[in-house]
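Q: starting from these lines, generate the structure:
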Amino acid sequence: MTNAGNTPPIWFITGASSGIGRELAVQALTAGETVVAVARHTETLSDLGESDRLLTIEADVRDETAVAKAVEQSVARFGRIDIVANLAGYGLFGAVEEAADAQARAIFDTNVFGVLNVLRSTLPVLRGQRSGHILQGSSYYGQTADPGVGLLAATKYAVEGLSDALAAEVAPLGIHVTLVQPGLTATPFLSNLDTATATHADYDQTVRALLQAIQALPESAFSSAERVAAAIRTAVAGDTPPRRLALGIAGAASMRTALTARLAELDEWATLTNQVDAEPRVHVHTG
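A: Residues are numbered from 1 along each chain as shown. The predicted structure is shown next:
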């Protein structure tokens, strides 16, 4: 895995304090690559050790100025950025109706506007290099949704939409974009879930039932962050990296079911769909 100059790549990783982001940082450092690890609190990164190939930066992705300074600091130290792992984010669980306005806005501030802050700061660097790879943190909930994850899924759907456009915009500039879509993964994500302020008994049979089902899952139902990170690194190293990278059998199956149902419904209603564009009938009066 090298950059355009055939030297080990330089990673800029947000959400590096735990989970997939942290594992990516560990594996990159172990492979002799350079890492900029960004987290809200750098003390969580202290056990990554000390190395001239590691720069830890305290920044909240919601703070555009802080993100811009982090990127400036990274380029000043290492001269370039090759891979942007845009992974900072968290989850909110509860029925759509149950989420308070402040909670809904907060998750978008991190999961969507935080993603945009990172893009706005790193893209000038990648464009100037005419090279780079952006890894956008999505989920299997970027293509489907279950009861209780409406707000989380909304943020991931948003990231997927903007990333599809972004990929087309930057492809002529030598920049790749990959949406990372892990399924359930053994990370602190579930334990750090925010929960909706209100609860209504009418949603117990859907929302609360799903949460109970997830909590009852055995450890074997969760992919390891180590394997997920290793798979991401394999994809990044390829000559033609994917636009979307599904990670985990169950998550991929959920997406396949949702996409298949979407296509079937598109076909089922095709007649009505096509009528919208039908040419108006011309009435010829013969009498």
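Q: can I assume Ala88 sits in a strand?
A: No: the secondary structure assignment for Ala88 gives coil rather than a strand, going by DSSP: H, G, I helix; E, B strand; the rest coil.
Q: Ala70 versus that one, what's the distance?
A: For Ala88, the distance to Ala70 under the criterion Cβ to Cβ, to the nearest Å works out to 12 Å. Any C-beta I mention is one placed from the backbone N, CA and C, and that applies to glycine too.
Q: give me the common contacts of those two.
A: Residues touching both Ala88 and Ala70 by Cβ atoms under 8 Å, 6 or more residues apart in numbering: Val38.
Q: centroid residue for this structure?
A: Averaging the C-alpha coordinates of the chain gives a centre point, and the residue nearest to it by Cα atoms, centre = their mean is Gly137 (1.5 Å).
Q: what sits against it?
A: Gly15, Ile20, Ala85, Asn86, Leu87, Ala88, Gly89, Val115, Val159, Val180.
Q: of the residues you listed, just say which sits nearest to Gly32.
A: Of all those, Ala85 has the smallest distance to Gly32: 17.4 Å, by Cβ to Cβ.
Q: for Ile134, see how far away that closest one is.
A: Computed as Cβ to Cβ, the Ala85 to Ile134 distance reads 8 Å.
Q: neighbour-wise, which of these two wins?
A: Under the criterion of other Cβ atoms under 10 Å, the comparison of Ala85 against Ile134 puts Ala85 first, with 31 against 24.
Q: that's a strand at that one, yeah?
A: Yes: counting by three-state DSSP, Ala85 is part of a strand.
Q: so it makes contact with Ile13?
A: Yes: assessed by Cβ atoms under 8 Å, Ala85 is found in contact with Ile13 at 4.2 Å.
Q: which neighbours do those two share?
A: Between them, Ala85 and Ile13 share these contacting residues under Cβ under 8 Å, 6+ apart: Gly21, Leu24.
Q: hey, where'd the helices end up in this structure?
A: Assigned by DSSP state H, the chain shows helices spanning 19-30, 64-78, 101-108, 114-129, 150-170, 209-215, 225-237, 249-268, 270-275.
Q: relative to helix 114-129, how tilted is the longest one?
A: Going back to what we said before, that points to helix 150-170. Note on geometry: by axes from the mean of the first three to the mean of the last three Cα atoms, to 10 degrees, helix 150-170 and helix 114-129 are set 10 degrees apart in direction.
Q: dump helix 150-170 to PDB, restricted to CA.
A: Taking only C-alpha atoms (Å, rounded to 0.1, in the frame of the first residue of the first chain), the coordinates of helix 150-170 have been written out as PDB:
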ATOM      1  CA  GLY A 150     -34.400   6.200  11.600                       C
ATOM      2  CA  LEU A 151     -32.200   9.200  12.600                       C
ATOM      3  CA  LEU A 152     -29.000   7.200  12.300                       C
ATOM      4  CA  ALA A 153     -30.000   5.800   8.900                       C
ATOM      5  CA  ALA A 154     -31.000   9.300   7.800                       C
ATOM      6  CA  THR A 155     -27.400  10.500   8.400                       C
ATOM      7  CA  LYS A 156     -25.900   7.600   6.600                       C
ATOM      8  CA  TYR A 157     -28.300   7.900   3.700                       C
ATOM      9  CA  ALA A 158     -27.200  11.600   3.500                       C
ATOM     10  CA  VAL A 159     -23.500  10.600   3.500                       C
ATOM     11  CA  GLU A 160     -24.200   8.000   0.800                       C
ATOM     12  CA  GLY A 161     -25.900  10.600  -1.400                       C
ATOM     13  CA  LEU A 162     -23.300  13.300  -1.100                       C
ATOM     14  CA  SER A 163     -20.600  10.700  -1.600                       C
ATOM     15  CA  ASP A 164     -22.000   9.400  -4.900                       C
ATOM     16  CA  ALA A 165     -21.900  13.000  -6.200                       C
ATOM     17  CA  LEU A 166     -18.500  13.600  -4.700                       C
ATOM     18  CA  ALA A 167     -17.000  10.500  -6.400                       C
ATOM     19  CA  ALA A 168     -18.100  11.700  -9.800                       C
ATOM     20  CA  GLU A 169     -16.700  15.200  -9.100                       C
ATOM     21  CA  VAL A 170     -13.300  14.100  -8.000                       C
END
